[in-house]
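Asks: task: produce atomic coordinates for the following.
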Amino acid sequence: VGVQVFTKRPLDEQQNSFNPDDVLTCLQKYPKALVKYLEHLVTDRGLQREEYHTHLAVLYLDEVLQHKPGASGRGAEVTETQAKLRRLLQKSDLYRVHFLMGEEDPDSFSIDISAG
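Replies: I've put the predicted structure just below:
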């Protein structure tokens, strides 16, 4: 719900008041809010920044991989996340495949995000 402070503002206010990179830094401790805000940036606002697309894809993939087969209660949530990941991978060409394949150091990704 707290992420709505950043996502439900009129577009002109969003563009003039909050730097998305600063918001992402603030939301690092809140994974669900971070995903919601990245979805807002990538899907709703259509921002074409590789860092945002890659970060969102990595978070989706992490969620899917953390789900253990046979674990109860989260099956529908994981299926929805799988569908979101699939849509992002099909529609976007801005994500770094190497991060998704685990071939690059995730720490370098954090540096890229904060450097903006």
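Asks: and the nearest residue to residue 20 once chain neighbours are set aside, what's its pLDDT?
Replies: Among residues not flanking residue 20 along the chain, residue 41 sits closest, at 5.7 Å (C-beta to C-beta, 6 or more residues apart in numbering). All C-beta atoms are positioned from the backbone trio N, CA, C, and that covers glycine. For residue 41, the pLDDT comes out at 94.
Asks: burial count for residue 41?
Replies: 23 (other C-beta atoms under 10 Å).
Asks: let the chain start at 41 from now.
Replies: Sure, I'll start numbering at 41, so the last one becomes residue 81.
Asks: I figured it hits residue 61, correct?
Replies: No - applying C-beta atoms under 8 Å as the test, residue 81 and residue 61 come out as separate, 10.2 Å apart.
Asks: return the helix or strand in this protein with minimum mean pLDDT.
Replies: Lowest by mean pLDDT, DSSP states H and E among the helices and strands of the chain is helix 146-155, with a mean of 44.
Asks: sorry, back to before: quick one: residues contacting the residue nearest to residue 60.
Replies: With contact taken as C-beta atoms under 8 Å, 6 or more residues apart in numbering, residue 81 is in contact with 60, 87, 89, 92.
Asks: would you mind measuring from it to residue 105?
Replies: 23 Å (C-beta to C-beta, to the nearest Å).
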